[in-house]
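*Asks:* turn this into a model:
(4 chains)
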Number of protein chains: 2
Amino acid sequence: MPKLGMEPLRRRALIDAAISAIGERGSLDVTVSEIAGRAGVSSALAHHYFGPKDGLLQATMRHILAELGRDARAALAKAKTPRARLSAIVAVNFSEQQFRPEIIAAWLAFYVEAQKSTELRRLLRIYARRLHSNLLSGLKPLVAPAEAELAAESIAALIDGLYIRRALKDGAPNAATAIGLVEDYIATKLGERTCMK
Amino acid sequence: MPKLGMEPLRRRALIDAAISAIGERGSLDVTVSEIAGRAGVSSALAHHYFGPKDGLLQATMRHILAELGRDARAALAKAKTPRARLSAIVAVNFSEQQFRPEIIAAWLAFYVEAQKSTELRRLLRIYARRLHSNLLSGLKPLVAPAEAELAAESIAALIDGLYIRRALKDGAPNAATAIGLVEDYIATKLGERTCMK
DNA sequence: TTTTGTTGATTGGTCAGTCAATAAAAAATA
DNA sequence: TATTTTTTATTGACTGACCAATCAACAAAA
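*Replies:* Numbering: from 1, shown residues only, chains lettered A, B, ... in the order given. As a prediction, the model looks like this:
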């Protein structure tokens, strides 16, 4: 079997360290040394593998995005009906894996950084488009096209809003409540509820 | 009449400069010199009036919050029914005055900074509470108490989400669409629409 | 002549990024 | 197998830039 080099291990360790550092500070202005220190290596090594700081940050964002994408794909694969697809998307976004303080803080920080970095903005737009299109695929069969478009927009905003508001609170995230709110919105939109009150 | 000193003028100019600088960069890491320069004074003067950098940033946030509060109070005063109060709150949040690129960017940046600064976090919590309570005052008379609580949470998240997502796009903000989405949510929640799609 | 307004110059600290040097592992060669 | 050579992994030390904050000094108004 091929004995792997250190590179992938280090890259991964550095990305993990970046997430935890960003999560703890709550912002992207963590020093490269801080991140490298957490990963148990020198800052020089971080630069060696990722080039300038942006490189490491972008790689971190890509990693978070990739994990979310992986989870989403897995969840969608299991969902058979459009309605189930909607719930699956919601569930993934607020899953144990995604709705963690570090990840939430990282999202927020990346949103801000995206104002400066075109590459980060590009990545976030990809995420936004993917979420939108996933939501649409669940909504299109259930409501009128125009309505689906708007509903997707709302649900996406609702999810992002719940993330951002979560960042202000302390203590463990309450995923169940968040899911409840989004599910309620969806249910209402689909006319699933008792028509009054 | 009392001839005012320079202080209030400078303070105001510095805060305005801070908002525009933050808006342009899209983040709080603007230098004091940059802000002072825009205000047409030296960085030393900024420190003279606001002390350390945090002081200026906090004052800026307080200013934004105060303006939002003022607008909200004015709008609520005109709204006679609970339903009108809800619309008034939404309208204020997406008004020409509030839903501007600089202000949006500032909000986002402050959310991130709040992770580090307890004072900023305190301010943001005040905003969140005020929004929540305003929404509740409109909702309580119209839906069941428990439902009002949840709906307020959702609407607030929706608004914040629309802000954050707006920050990713370029071009002028489209307030009308945002208002439309929130109003639609409210209408649905209140059972105002034709009961089927 | 005291108070208010203002700045240029300076300082001390922080940090990204580089680089030359070293160690260790792998590959090539004898 | 023993050896040299090359590649990979790693760092400490350094540098150059940037920037918040201070302060002594100067100007203007009261």
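*Asks:* and chain A, which residues reach DNA strand D?
*Replies:* With Cβ under 7 Å from any atom of the strand as the criterion, chain A comes near DNA strand D at residues A:5-7, A:10, A:40-45, A:48. No exception for glycine: its C-beta is placed from N, CA and C like everyone else's.
*Asks:* of these, list those near DNA strand C.
*Replies:* Applying Cβ under 7 Å from any atom of the strand, the subset of the residues of chain A next to DNA strand D adjacent to DNA strand C comprises A:43-44.
*Asks:* so which of the residues of chain A next to DNA strand D sit within helices?
*Replies:* Among these, the residues falling in helices (DSSP state H) are A:7, A:10, A:43-45, A:48.
*Asks:* sorry, back to before: of the residues of chain A next to DNA strand D, select the buried ones using a ChimeraX command.
*Replies:* Those of these that count as buried under 16 or more other Cβ atoms under 10 Å in any protein chain shown are selected in ChimeraX with:
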select /A:10,41,45
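*Asks:* now the two most distant members of the residues of chain A next to DNA strand D.
*Replies:* Largest separation among the residues of chain A next to DNA strand D by Cβ to Cβ: A:G5 and A:S43, giving 20.4 Å.
*Asks:* what is the nearest of the ones in helices among the residues of chain A next to DNA strand D to A:D71?
*Replies:* Closest to A:D71, out of all of these and judged by Cβ to Cβ, is A:R10, at 24.7 Å.
*Asks:* how about the closest one: what's its closest non-neighbour residue?
*Replies:* Spatial nearest neighbour of A:R10, excluding adjacent residues (Cβ to Cβ, 6 or more residues apart in numbering or on different chains): A:Y49 at 5.9 Å.
*Asks:* A:L9 is in contact with that neighbour, correct?
*Replies:* No. Taking contacts as Cβ atoms under 8 Å, A:Y49 lies outside contact range of A:L9: 10.5 Å.
*Asks:* more neighbours, the two?
*Replies:* Comparing A:Y49 with A:L9 by other Cβ atoms under 10 Å in any protein chain shown, the one with more neighbours is A:Y49, at 16 against 11.
*Asks:* contacts only, for that one.
*Replies:* If a contact means Cβ atoms under 8 Å, 6 or more residues apart in numbering or on different chains, then A:Y49 has A:7, A:10-11, A:14 as its contacts.
*Asks:* A:V182 too?
*Replies:* The contact partners of A:V182, taken as Cβ under 8 Å, 6+ apart, are A:90, A:94, A:155, A:158-159, A:162.
*Asks:* now do the helices in chain A.
*Replies:* A:7-25, A:32-39, A:43-50, A:53-78, A:82-93, A:101-113, A:118-139, A:145-168, A:175-189.
*Asks:* the inter-axis angle of the second one versus helix A:53-78?
*Replies:* In this structure, helix A:32-39 runs at an angle of 50 degrees to helix A:53-78, with axes from the mean of the first three to the mean of the last three Cα atoms, to 10 degrees as the basis.
*Asks:* can you check the third one too?
*Replies:* When the same axes, to 10 degrees is applied, the directions of helix A:43-50 and helix A:53-78 differ by 60 degrees.
*Asks:* just the CA atoms of helix A:43-50, as CSV, please.
*Replies:* Extracted as CSV, the C-alpha positions of helix A:43-50 are listed here (Å, rounded to 0.1, in the frame of the first residue of the first chain):
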residue,chain,number,x,y,z
SER,A,43,3.4,29.1,11.1
ALA,A,44,6.0,28.7,8.4
LEU,A,45,4.6,25.3,7.6
ALA,A,46,1.2,26.7,7.2
HIS,A,47,2.5,29.1,4.7
HIS,A,48,4.4,26.3,3.0
TYR,A,49,1.3,24.3,2.3
PHE,A,50,-1.3,27.1,1.8
